[in-house]
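In: predicted model, plus sequence, below.
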Amino acid sequence: DQPEVKEEILRKDNRLLTLLKDVYVESRDPPVRVKDGGGEHLPCKQEEKRLTKLGHLGALDVKKVSKGKISIVEALTLLNNHKLHPQIWTAEKIAAEYSLELKDVNSLLEFFIPFTVQEFPKETKKAIKS
């Protein structure tokens, strides 16, 4: 609240300002020390990716998937191939072709079965009389 103190604070000292202009400060972070925490903060390994076998959707198809995974188009294709030619498209060949584990392929072939659409011949249809 004292005017002399306020005036002293607001007053510029030209001699000090010229000295400050000559000062150069370079600041650097200290080197980071790694603590031995059992590897809990280590960066995770980057996932390996593989190119997919593209379907008929072109630009909408997924281009890359992680190894050990497949796209929907690939899943439908391999299930259909196995259904049509089980002696050629065995679980081992599918696992090698799509970079999958054999147990996953066996589960896929066991639990996911593509359905078949059947059309009845026209002779068996009853005509609706108006």
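Out: Structure's in. What do you need?

In: any idea how far Ser66 lies from Tyr98?
Out: Ser66 sits 12 Å away from Tyr98, going by CB to CB, to the nearest Å. C-beta coordinates here come from the backbone N, C-alpha and C atoms, glycine included.

In: give me the more crowded residue out of those two.
Out: Tyr98 (23 against 11; other CB atoms under 10 Å).

In: report pLDDT for the more buried one.
Out: Looking at Tyr98, its pLDDT is 85.

In: grab the nearest non-local neighbour of it.
Out: Ile70 (5.4 Å; CB to CB, 6 or more residues apart in numbering).

In: next, count neighbours for the one you found.
Out: Using other CB under 10 Å, Ile70 has 23 other residues around it.

In: go on, Leu100?
Out: 19.

In: shouldn't the residue nearest to Tyr98 be within a helix?
Out: No - using DSSP: H, G, I helix; E, B strand; the rest coil, the assignment for Ile70 is coil, not a helix.

In: shaky segments in this protein?
Out: Across the chain, the ranges flagged by pLDDT under 70 are 34-62, 123-130.

In: what ranges do the strands span in the protein?
Out: 49-51, 64-66 (DSSP state E).
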